[in-house]
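Chemist: need coordinates for the below:
(chains A and B)
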Amino acid sequence: MKRTTRLLALATATTLTLTACGGGGEDTGSGDDGSGEAMDATGETLSVWIMEGTNPDATPFFEEVSTAFEEETGATLDIQFIPWASAHDQFVNSIAGGTGPDVAEVGTTWTPEFGDAGALMDLGPQIEESGLGDAYVSSVLESGTYDGAVYGAPWYAGVRSIIYRADLFEENGIEPPTTWDELAEVGDALKEADPDLIPFPIPNSTFTTTPFIWGAGGEIAVQEGDTWTSGLDSPESVEGLAYLESLVEEHELSTPAASTWNEADTRDAFARGEAGMIISGSWTPKSIVEANADLEGKLGVVPIPGPDGGMSPSFAGGSHLSVFETAENQDLAWTFVEMMTTGEYAEMWGEQTGFFPATDDLLTRLEEAEDPLVAPFALQMKDGSATLPVTPLWGQVEGAQTIPAMMESILGGGADAQEAATTAADEMNEIFGS
Amino acid sequence: MSSPALGSARRPWLLLAPTLAVIGILLLWPMVRVVVLSFQDFGLRELVRGGAEIVGLQNYRDILTDERLWRVALPNTVVFALVCVVLTVAVGTLVALLLHRLSPGWRTLVMMAVMAAWAIPAVTGTYVWVYLFDARAGFLTGVLGQLGLVDVATQNLFTERGWFYAIATLNVVHHGFPFVAVTVLAGLVTIPSELPEAAMIDGANAWQRFRHITVPMLKPVFAIVTILSTIWDFKVFTQIYLMPGGDGSNREVLNLGTWSYITAMSQNQFGLGAAIAVLLTILLLAITAVYLRTLFKEEEL
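Modeler: Residues are numbered from 1 along each chain as shown, chains lettered A, B, ... in the order given. Okay, the predicted model is just below:
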């Protein structure tokens, strides 16, 4: 999986660099007074970047959307799929070359960065005009808002919990963990039951690391006034990291290979039946079963436990749909954004991907459903989720891979948690300029 | 004839103009741009909105005082490149000598095998090596484990700087030796057979013949392959970036190329990244100059 994706990413990135010569578009007709209904953009094309892999059946979905969009506006859609792993670089390249799309799916943590750089259009007026200000889930809307401008319309959100092999748990009389001690015990029990199984692989991923920092009461970064300061080296954060380290080193619940895995590698291993529990997103059970039909009906989900019960907060990620400043027809672009983020297509997207739609009424409907593969995620989303710092500088922290580098030195390099956390905090503070 | 000195002075330039224009646009302009960038504080915001601030030598000062340059990036780049160049040229020369002695049929066969290594794109080749050294299921990891060199239960080779670069060296040498072999073979063919024959009659053994006939005769060829290999191995990027941890998550394995790219493209510090690239270029030029001087010192150039 990972290999082909990276390969493709590299090829695409190269192509982009080579063709980075187009000029910036001009704004046309952004001052018109007409409503979206009367839009006639026959013959125009709207280019859209969507992240690859969110929806396993993305092609039929977008075929349907394209047809509906063409009926409504007369314009055709040009959808391109971008792999997550290289998306940030690709955005930067395209912004540099003025070859960006009209509309793009932007990861919630990147929106302030690109918005602050002037690459994205402020959607605030459009959202207000359409009366959508209260419809979107507020946390997702906030993560796209910087300095009073809304650079991304909430599209979908997701959260990570623990997915486990319910069949193995049942066979060995193991109950899903509700505290950190139990998590380690469950891992030990799984290891004893089957020494070949990786009980709880810990990949090098921000999303696996952060719940344990938050769970112990630590913070990634705290804002005071206008400056952010890293909280990675606080005693609480270090305690969380030390716990994670103990799962690997003392309990040996992971595998050396996992120290260079990302989330997708971990999911692949789980889908192959090699792992007992993994931290994985609300959107993944479906693709796991799709990859390995033998696992149908054998999965269970439990929120990530807190140290002494409760939940460890997990990152509530998701995507915005943003309109690029270079979009030629910004009204047309907004029509598309509105169509995708509300109503029928937002709901269909949620159903197909396992992500939560980012409007309140659609989310409520999901919470009430009692699907065992959905309900624990919904619980985690509602009561046990957190977001990464909302600052344009966060994109740089992600780009610098500060947290993965910290995990790499803990998992692979043999540094202790305190040492690694201090280095990472210093680096983060340097980026924050604090 | 009718048009004297003036016309004939202009004509060469006219003929060169198209080439110069193409080189200027594709080569010189980006180079100038990188140098200019390296003196600016240039981020994503400047990229979109324009108006970068000139900061003089600040970027260079930042890099030269960065511990990461001296402890990680520079040693990784220089030691790795030197080892790769020596191994590439040595293996390439040995293969060339082998090819030279083979009968035409066998030569074609070996040549095809050598060419296959050359033809594999760097990206593909890298993934094959990564696959072979995978910590859980890699074939070569298993072999190393059997030999007792690696503890398969606790080690992930890609997280260890030494092993990481050992694997990268294998990859780069494997990809680079065919060029050396083919070039040196072309040189070997030009050595008149009388010379080694005469030496043989004088009682010179194989090593002496290689040392005193082949090497001096092929000096220009060795100079070319060494310089080209040096350039390639110093600026190696793909093979490092695509290995697990090579994209910046493992700071111990950064080299100047990946460091420059990550600084510029992932962190949007284009000025700083450009400065690293300029330093890499200067280093490369310096090494090539020193090497050329020592190589041709005795001979009048």
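
Chemist: what ranges does chain A have for its strands?
Modeler: A:45-51, A:76-82, A:103-107, A:145-146, A:149-150, A:153-165, A:221-224, A:227-230, A:277-281, A:299-302, A:314-323, A:356-357, A:385-386 (DSSP state E).

Chemist: list the residues that contact the one residue in the stretch 151-300 of chain B that gets nearest to chain A.
Modeler: Distance from chain A to each residue of the stretch 151-300 of chain B (C-beta to the nearest C-beta) is smallest for residue B:159, at 2.8 Å. Any C-beta I mention is one placed from the backbone N, CA and C, and that applies to glycine too. Contacts for residue B:159 (C-beta atoms under 8 Å, 6 or more residues apart in numbering or on different chains) come out as A:256, A:259, A:260, A:408, A:411, A:412, A:413, B:245, B:250.

Chemist: so how many other residues sit close to the closest residue to residue A:263 other than its chain neighbours?
Modeler: Closest residue to residue A:263 apart from its sequence neighbours, by C-beta to C-beta, 6 or more residues apart in numbering or on different chains: residue A:205 at 4.9 Å. When neighbours are counted by other C-beta atoms under 10 Å in any protein chain shown, residue A:205 registers 21.

Chemist: surely residue A:205 is in contact with residue A:264?
Modeler: No. In this structure residue A:205 lies outside contact range of residue A:264 using C-beta atoms under 8 Å: 9.4 Å.

Chemist: how about the residues of the stretch 51-200 of chain B by chain A?
Modeler: When proximity is defined by C-beta under 8 Å from any C-beta of the partner chain, the stretch 51-200 of chain B lies next to chain A at B:123, B:127, B:131, B:134-136, B:153-156, B:158-160.

Chemist: in contact with the nearest residue to residue B:139 once chain neighbours are set aside, which residues?
Modeler: Once flanking residues are discounted, residue B:139 sits nearest to residue B:132: 5.4 Å by C-beta to C-beta, 6+ apart. Counting by C-beta under 8 Å, 6+ apart, residue B:132 makes contact with B:138, B:139, B:140, B:141.

Chemist: what residues does the stretch 201-301 of chain B put near chain A?
Modeler: B:238, B:242, B:244-245, B:247-252, B:262, B:265-269.

Chemist: closest to residue A:341 out of those residues?
Modeler: residue B:268 (27.6 Å; C-beta to C-beta).

Chemist: quick check: that closest one vs residue A:82, distance?
Modeler: 18 Å (C-beta to C-beta, to the nearest Å).

Chemist: need the longest helix for chain B.
Modeler: helix B:161-190 (DSSP state H).

Chemist: packing partners for that one?
Modeler: helix B:74-101, helix B:104-119, helix B:122-132, helix B:219-234, helix B:238-241 (3 or more C-beta pairs under 8 Å, 6 or more residues apart in numbering or on different chains; DSSP states H and E).

Chemist: point out the most buried one among those.
Modeler: Mean neighbours per residue, mean count of other C-beta atoms under 10 Å in any protein chain shown, is largest over the helices and strands packed on helix B:161-190 for helix B:238-241, with a mean of 22.

Chemist: quick one: contacts of the next helix or strand after that helix?
Modeler: Downstream of helix B:238-241, the next assigned helix or strand under DSSP states H and E is helix B:256-261. Residues from elsewhere that reach helix B:256-261 (C-beta under 8 Å, 6+ apart): B:68, B:73-74, B:77, B:234-237, B:240-241, B:246-248, B:273-274, B:276-277, B:279-280, B:283.

Chemist: between helix B:219-234 and the next helix or strand after helix B:256-261, find me the angle.
Modeler: The helix or strand immediately downstream of helix B:256-261 is helix B:270-295, counting by DSSP H and E. Put simply, helix B:270-295 runs at 160 degrees to helix B:219-234, going by axes from the mean of the first three to the mean of the last three C-alpha atoms, to 10 degrees.

Chemist: helix B:270-295 to helix B:74-101, inter-axis angle?
Modeler: Using the same axes, to 10 degrees: helix B:270-295 against helix B:74-101 is 50 degrees.

Chemist: buried set for helix B:270-295?
Modeler: B:270-281, B:283-284, B:287-288, B:295 (16 or more other C-beta atoms under 10 Å in any protein chain shown).

Chemist: which helices and strands does that helix pack with?
Modeler: Packed against helix B:270-295 by the contact rule (3+ C-beta pairs under 8 Å, 6+ apart) you find helix B:29-37, strand B:40-41, helix B:58-64, helix B:74-101, helix B:219-234, helix B:256-261.

Chemist: how about the residues of the stretch 251-400 of chain A that lie near chain B?
Modeler: A:255, A:256, A:257, A:259, A:260, A:325, A:395, A:396, A:399, A:400.

Chemist: narrow those to those in helices?
Modeler: Per DSSP H, those map to helices at A:395, A:396, A:399.

Chemist: which one of the residues you listed is nearest to chain B?
Modeler: residue A:399 (3.4 Å).

Chemist: for residue B:70, grab the count of nearby residues.
Modeler: Residue B:70, neighbours per other C-beta under 10 Å, totals 11.
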